[in-house]
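> the amino acid sequence is not available; the structure is as follows:
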C-alpha cells in the first residue's frame, strides 16, 4: 500500500489522461460545429443521424423518443454521424463516438432514481454533447385531461406523458394550466365554485387560492417571466379583455378594450403581452406593453385566424394556431416576418430550450398531445394521460 | 494528523479508481447521480386545499353584476329551456330569428321580480379552446344586452361560458354544431326561507 502511494505514475497518469480527454473532446466539438454549419431552417432542417447499440428495453425507448423529438434520427452504425452505445444492466452507462473523427465525445454512467430517469439524463447529455444545448429529457408539462362528460382535472407529468399526477380532484370543468417560470406552481381555470375562476396552486405544499373570481369569465392566466404578475382574460367590464395584476391578485389593470380578445402570453423580457384579437373584422395577433399602452398588430401573412400565441423563451419566435378549415401549428418570427406552417394541430407550448413544441391534435373523438421538433418537423405523440388531453403547458 | 492521513488515502483511492476505470477497461469516467423523485405534489392525494384567501377578488365591479348577488339561488334549468337562442358559426350576434325567445324570457323575468337569470354561453367544437371560452362569454353577454333592451335590469343577469366543454350533441357534423352554438337560459329563484 505504502509503496503504491509513492508511485508517481499511478497518481499522475490519470490526471494527464483526464486533461488529454478534455482536450480531445473540445477539439472534437470544433469539428462537429464545422460539420453542422448549415443554418437551421424551420421545418426544413435535416436530422442528425445517430445509431444506438447495447441499450435496450425502456432505456432504448426513452432515448429514441427524447432524441427523435429533438432533431435526431436513427440509422445503422455505418451511416451514423454519432454512434451511441452502452448498457443498461442495472444502471445506464453510455458513450457517444463521433464516427468521422473517431473520437469519444461523451462517456458517462448514471446511478439513482429509475432506469427511465437515467435514460432521460443520458439523452440530455447526448443533446448537450452533440448539439451544445440543454435537452428536454427531464422537463415537465401541465395539461387538462377531460372525461366524456366535459369535466376534467389538471395534471402534471414528464414531458413524454409518464409519471403523471393529478393536481386537482374536483370533478368539474378545468382549463388553461400555466406554470410560474422556475417555480413549482401553476395557474389554472376551474369551475369548482360555479364560475370559471383563476386559481394559483402551489404544488409544493398543495395550497391554492383564487386569484381572479370576478363575475363573468376569468381564464387564460399567464405568469410573467419573473412570476411577479399574471395576465389573463376577464369579462367583468362587459367583454372578454386582457387584464394584468400582481401574483397575489392586487393592482388589477385592464390592458385592452377590444371586444374579442383571448389567450395572452408574455414576451420573455416581460415587456409585452401578446394575444389574439379582432381588428377591422379580421382575427389577428397583437401585442400590448405589459404596463399598458397602444396595441400593435403582429402580422401573420398567409396564416389566417391566428389564436393561442406562445412566445419562445429565447424571444425569437411566436408559435400560434392558424385556422383555415382545420387547424395548423405555425411559427412566426417575433420581430415580424412570414409564418411557417409546421403540422396540423392546436394550442402549442414551447420547450424551455425554444426548439420543441408540445401541442394538441384531434384524433377521432378525443384529443392527443404530441411533441414537435420545429426544425426537422419530427413529431411523436406522448403517452396518454387520461381521457382527452389538451392545453399542454411546458414548465420553463 | 489522523484526519490528514485519511484524506490522503481517500485521494489516492480515487486516483486509482480513475486510473482503472478511465484507462484499462474503457469504463465511463463520469458518473451522474440522479436524485430519486419524490411526489411533485406536496399534499398526499394531490392537495387542492383552499386557504383563507379563497375569496380574494371574488366581488364584482365594472359593468357586470356581482356574483355574490346570485349566491344561494335555486337554478331551474327547464322553465326557459324552450327559449334557447342559437348562433351562426363563430358569431356572437343575436339573430333576428331569436327575437321572440328574448321577448319570452324578458316576460318571464318581469312577471316575477324575485327571480334572476343565468345565461350559459356555448360553442361548437370548431374553434380553439380558449378562443371558444371567450366566444361563449360573448354570446352570453350579447343575450344579456338584448334582454336589457327588452326591459330587463341587466344587474339581475349573470353570465357563464362553457366554451365547447358542454355540447348537447357530441357528433361531428353541421346539425350537431348548430345545436351546440347556443345560449341557455336558467331561471334563478330565491331559495324558500331565504
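Ah, there it is. A quick note: this is a predicted structure, and the numbers were derived from the prediction, not measured.

> list the contacts for residue A:68?
A:74, A:373, A:378, A:380 (C-beta atoms under 8 Å, 6 or more residues apart in numbering or on different chains). For glycine as for every other residue, the C-beta is placed from the backbone atoms N, C-alpha and C.

> equivalent analysis for residue A:375, please.
Residue A:375 touches A:40-45, A:71, A:355, counting by C-beta under 8 Å, 6+ apart.

> list buried residues within the residues you listed.
A:42-43, A:45, A:71, A:355 (16 or more other C-beta atoms under 10 Å in any protein chain shown).

> as TSV, the residues you listed with distance to chain B would be great.
Formatted as TSV, the buried ones among the contacts of residue A:375 follow (distance: C-beta to the nearest C-beta, whole Å):
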residue	distance to chain B
A:42	21
A:43	21
A:45	27
A:71	23
A:355	22
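
> residue A:65: what secondary structure?
helix (DSSP: H, G, I helix; E, B strand; the rest coil).

> just residue B:160 next, same as before
strand.

> got it, and residue B:141?
helix.

> that one contacts residue A:237, correct?
No - the criterion here is C-beta atoms under 8 Å, and residue B:141 misses it with residue A:237 at 10.4 Å.

> residues contacting the spatially most central residue of chain A?
With distances taken as C-alpha atoms, centre = their mean, residue A:351 lies nearest the centre of chain A, 2.1 Å away. Taking C-beta under 8 Å, 6+ apart, we find residue A:351 in contact with A:136, A:139, A:159, A:357-358, A:394, A:396.

> rerun at 10 Å
A:69-70, A:134-136, A:139, A:141, A:159, A:312-313, A:357-358, A:371-374, A:394-396 (C-beta atoms under 10 Å, 6 or more residues apart in numbering or on different chains).

> try residue B:106
Contacts of residue B:106 by C-beta under 10 Å, 6+ apart are B:83, B:117, B:146-152.

> surely it is within a helix?
Yes - Residue B:106: assigned to a helix according to three-state DSSP.

> could you find the closest non-adjacent residue to it?
residue B:150 (3.8 Å; C-beta to C-beta, 6 or more residues apart in numbering or on different chains).

> in this structure the one you found contacts residue B:107, no?
Yes - assessed by C-beta atoms under 10 Å, residue B:150 is found in contact with residue B:107 at 8.6 Å.

> which one of the two has more residues nearby?
Each of residue B:150 and residue B:107 has its neighbours counted (other C-beta atoms under 10 Å in any protein chain shown); residue B:150 has more, 16 against 12.

> now pLDDT too, for the contacts of residue A:68, in CSV please.
Converted to CSV, these look like this (pLDDT from 0 to 100):
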residue, pLDDT
A:74, 98
A:373, 98
A:378, 98
A:380, 98
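
> can you give me the neighbour number for the residue of chain A found nearest chain B?
Using C-beta to the nearest C-beta, the closest approach of chain A to chain B is made by residue A:206 at 2.1 Å. By other C-beta under 10 Å, the residues close to residue A:206 number 17.

> cool, the one 4 residues further on as well?
Here the count is done by other C-beta under 10 Å, and residue A:210 has 24 residues near it.

> equivalent analysis for residue A:303, please.
Neighbours around residue A:303, by other C-beta under 10 Å: 21.

> please apply the same query to residue B:105.
Residue B:105 - counted by other C-beta under 10 Å - has 27 other residues nearby.

> now do the contacts for it.
With C-beta under 10 Å, 6+ apart, residue B:105 has these contacts: B:79-80, B:82-85, B:117, B:119, B:143, B:146-147, B:150, B:152, B:157, B:183, B:185, B:187.

> just the helices in the chain please.
No chain was given, so I picked chain A. For chain A, helices defined by DSSP state H occupy the ranges A:2-5, A:8-35, A:57-68, A:115-131.

> wait, I meant chain B there
B:2-19, B:99-111, B:129-149, B:174-180.

> what is the mean pLDDT for the second one?
Per-residue pLDDT over helix B:99-111 has a mean of 97.

> and the angle from it to helix B:129-149?
60 degrees (axes from the mean of the first three to the mean of the last three C-alpha atoms, to 10 degrees).

> so where's chain A uncertain?
Within chain A, the stretches with pLDDT under 70 are A:1-38.

> domain parsing for it?
A:39-138, A:140-394 (automatic domain parsing).

> and the first one, end to end?
It stands for domain A:39-138. Start to finish, the residues bounding domain A:39-138 are 27 Å apart (C-alpha to C-alpha, to the nearest Å).

> of all the contacts of residue A:68, which two lie farthest apart?
A:74 and A:373 (14.0 Å; C-beta to C-beta).

> which residues does the spatially closest residue to residue A:166 that is not a sequence neighbour bridge with?
Distance criterion C-beta to C-beta, 6+ apart; nearest residue to residue A:166, sequence neighbours excluded, is residue A:153 at 4.8 Å. Going by DSSP bridges, residue A:153 is paired in beta bridges with residue A:145.
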